[in-house]
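Trainee: The following block contains a protein sequence and its predicted model.
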Amino acid sequence: MKTLIIIPSRMSATRLPGKPLLKINGLSIISHVFKRAESANIGKVVVATVMTSTLTSDHRTVDGALSAQFMREFKIMIEDPLTMLL
């Protein structure tokens with residue numbers, strides 16, 4: 001069985017923005033966490049980032065379902081940029 005270690009990382013935290021990139025002893029915090037997880041030797045290590053996006057539209061001119069459809073398509077394109085070429 002393969003194990004995947006996922007390290008969640010948010011750059012836009014309200015208490016300490018940019019925390020993952022802050023340096024401790026010359027290395028970013030996320031580097032320290034990554035190395036520690038990797039040294040456990042229990043599986044592949046990945047860093048998961050989050051992107052927040054919002055859409056503002058006038059409900060008098062654009063139907064909410066159309067806005068939701070746009071955001072769904074936007075999410076697909078951001079997650080897989082090659083789909084923008086199709």
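Mentor: Arrived safely, thanks for sending.
Trainee: alpha carbons only for contacts and neighbour counts from here, please
Mentor: Will do.
Trainee: distance of the closest residue in space to Ile7 that isn't next to it in sequence from Gly64?
Mentor: Leaving aside its sequence neighbours, Ile7 sits nearest to Val47 (C-alpha to C-alpha, 6 or more residues apart in numbering; 4.7 Å). Distance of Val47 to Gly64, computed by C-alpha to C-alpha, to the nearest Å: 33 Å.
Trainee: quick one, domains of this protein?
Mentor: Using automatic domain parsing, the domain parsing of the chain gives 1-52, 53-86.
Trainee: Helices of the chain, start to end?
Mentor: Ranges of helices in the chain, per DSSP state H, are 29-39, 64-79.
Trainee: Out of those, the one nearest Leu16 is which?
Mentor: helix 29-39 (12.4 Å; C-alpha to C-alpha).
Trainee: Find out how far the closest one is from the centre of the chain, if you would.
Mentor: Helix 29-39 sits 18 Å away from the centroid of its parent chain (C-alpha atoms, centre = their mean, to the nearest Å).
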